[in-house]
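Enquirer: Sequence and predicted model, in that order:
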Amino acid sequence: QLRLVESGGDLVQPGGSLRLSCAASGFTLNPLSVGWFRQAPGREREGISCISSSNSRTVYADSVKGRFTIYRDKAKNTVYLQMTDLKREDTALYYCATNVVCLLTGIKSTTATSWGQGTQVTVSS
């Protein structure tokens, strides 16, 4: 069974850190581009970071640049999103997806082939 599972979401105070995981089972993430998206209530889904299929390119939305880091662990077949200096506006349901468009000009899900179920990040004091 092909599955993509996110984990690591939690309730955290402003300024805190979390690491989200996007783990694949039944297929390998390694040759695929992977993106992280988030959606807050009443807002459109936002592409916040991606890593290209060759690992040669990582892209970040301006809203998270300098605070979030995306990276891949090939041995664990997992892509991580390390989030630091979290802000209240980071509160959202976070999803990962494969085969995304990962360009310096933007992160798009129009070509995505797999999605996880999401993991909730809540930033609140």
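Expert: On my side now, so go ahead.
Enquirer: residue ranges for the strands of the chain, please.
Expert: In the chain, the segments counted as strands under DSSP state E are 3-7, 11-12, 18-25, 34-39, 46-51, 58-60, 68-73, 78-83, 92-98, 101-103, 106-108, 114-115, 119-123.
Enquirer: Could you give me the buried positions within the third one?
Expert: To tie it back to what came earlier, the one meant is strand 18-25. 18, 20-24 (16 or more other C-beta atoms under 10 Å). Yep, even glycine has a C-beta here, placed from its N, CA and C like the rest.
Enquirer: how about low-confidence regions in this structure?
Expert: The chain contains no residues with pLDDT under 70.
Enquirer: Find the residue at the geometric middle of this structure.
Expert: The centre of the chain sits closest to Trp36, judged by C-alpha atoms, centre = their mean, with a distance of 2.4 Å.
Enquirer: Surely Leu104 is in contact with Ser56?
Expert: No - if you go by C-beta atoms under 8 Å, Leu104 and Ser56 don't touch, sitting 11.6 Å apart.
Enquirer: so how far is Arg3 from the residue nearest to the centre of the chain?
Expert: Look at Trp36 and Arg3: by C-beta to C-beta, to the nearest Å, they are 17 Å apart.
Enquirer: one step back: check contacts around the residue nearest to the centre of the chain.
Expert: 20, 22, 47-50, 70, 81, 94-96 (C-beta atoms under 8 Å, 6 or more residues apart in numbering).
Enquirer: among the residues you listed, who's most crowded?
Expert: Among these, the one with the most neighbours (other C-beta atoms under 10 Å) is Cys96, at 31 neighbours.
Enquirer: before we move on, the earlier item: report the separation between the residue nearest to the centre of the chain and Val121.
Expert: Here Trp36 is placed at a distance of 11 Å from Val121 (C-beta to C-beta).
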